[in-house]
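[1] The following comprises the amino acid sequence and a computationally predicted model.
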Amino acid sequence: MSVKVDLKLDWCSHEAAKYACVHWHYSKSIPPAPYNLVGVWENSKFIGVVIFGRGANNNLAKPYGLKIEEACELTRIALTKHITPVSRIMAIAFKFLKKQSPLLKLCVSYADPNNGHHGGIYQATNWIYTGKTPKDYQYKDRNGRIWHSRQVSASGFKKEFGEVRKAPKFSDCERIPLEGKHRYLMPLTEEMREKVLPLAKPYPKRV
């Protein structure tokens, strides 16, 4: 017996997005701004968020010959128990994104094998797999918080998107080796699809 679901997607607040990420995403954190926050409701109940942003890589667009405003990263899909398939939620979120940012040509996302992910949802929705990123490290500070390697510095300060921010020092953190992440591409125009399709590799299997 099918269950009737009134699905709604709309822009949501930072507070709502943070709650979803902390409670319903394995990272337990919201990514750094700037970003677009697409909230998800089923039968008027908030069930999560889809977040598009620049991610941690300042050169996200460069390998594909794009300007910074022409590429984005799908940084979070943070959902509690839900009825609607993730693929449908993602498709509607993309419509919101393209309407908000019509210059976008490409979306990039990563599946982290260090957390047991191989990108099943991207495979199911026909993203283009282009292999793994280089091996990296993450850093654990004295409070137990985990930081991406690009968020840590020798001086205690880091420049991100033109703004100098305080950052944890390498010397104050424990360095933890990581596998490279699986990289997936979703072209948002036919021209971009033709451009990145030659980069496609066989999908990785679940470990």
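    Arrived safely. Residues are numbered from 1 along each chain as shown.
[2] For the rest of this, base every contact and every neighbour count on C-alpha atoms.
    Noted.
[3] What residue spans form the domains of the protein?
    7-133+180-199, 136-178 (automatic domain parsing).
[4] So which residue is dead centre in the chain?
    residue 75 (1.5 Å; CA atoms, centre = their mean).
[5] What strands flank the helix or strand hosting it, and is each parallel or antiparallel?
    In this assignment (DSSP states H and E), residue 75 forms part of strand 71-79. Its sheet considered, strand 71-79 pairs with strand 45-53 (antiparallel), strand 106-111 (parallel) by DSSP bridges.
[6] how distant is it from the center of its chain?
    Centroid separation between strand 71-79 and its chain, computed with CA atoms, centre = their mean, to the nearest Å, is 3 Å.
[7] And for stretch 90-108?
    Centre to centre, stretch against its chain (CA atoms, centre = their mean), the figure for stretch 90-108 is 13 Å.
[8] Let me see the mean pLDDT of it.
    Stretch 90-108 carries an average pLDDT of 92.
[9] Please identify the buried residues of that stretch?
    Residues 90, 93-94, 96-97, 104-108 are the ones in stretch 90-108 that count as buried (16 or more other CA atoms under 10 Å).
[10] Quickly run through the sheet partners of the helix-or-strand element of the chain with minimal mean pLDDT, with directions.
    Lowest by mean pLDDT, DSSP states H and E among the helices and strands of the chain is strand 157-160, with a mean of 76. The strands beside strand 157-160 in its sheet (DSSP bridges) come out as strand 163-166 (antiparallel).
[11] in the partner strand, what counts as buried?
    Per 16+ other CA under 10 Å, strand 163-166 contains no buried residues.
[12] This protein: helices as residue ranges?
    With helices called from DSSP state H, the chain shows them at 14-24, 86-100, 120-124, 190-196.
[13] Listing request: residues of this structure with sub-threshold pLDDT.
    Within the chain, the stretches with pLDDT under 70 are 1-3, 55-56, 160-162.
[14] Go again with 50.
    Low-confidence segments of the chain (pLDDT under 50): none present.
[15] Tell me which of the strands paired with strand 71-79 sits nearest to residue 84.
    Among the strands paired with strand 71-79, the nearest to residue 84 by CA to CA is strand 45-53 (10.5 Å).
[16] What angle do helix 86-100 and the closest one make with each other?
    Strand 45-53 runs at 60 degrees relative to helix 86-100, counting by axes from the mean of the first three to the mean of the last three CA atoms, to 10 degrees.
[17] Contacts for strand 45-53, please.
    12, 17, 20-21, 24, 33-41, 72-82, 90, 93, 97 (CA atoms under 8 Å, 6 or more residues apart in numbering).
[18] What are the buried residues along that strand?
    Under the neighbour-count criterion of 16+ other CA under 10 Å, strand 45-53 has 46-53 buried.
[19] what does stretch 75-84 give?
    75-79.
[20] Next, format the strands paired with strand 71-79 as JSON lines and append distance to residue 171.
    Shown next, in JSON lines, are the strands paired with strand 71-79 (distance: least, CA to CA, whole Å):
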{"stretch": "strand 45-53", "distance to residue 171": "29"}
{"stretch": "strand 106-111", "distance to residue 171": "28"}
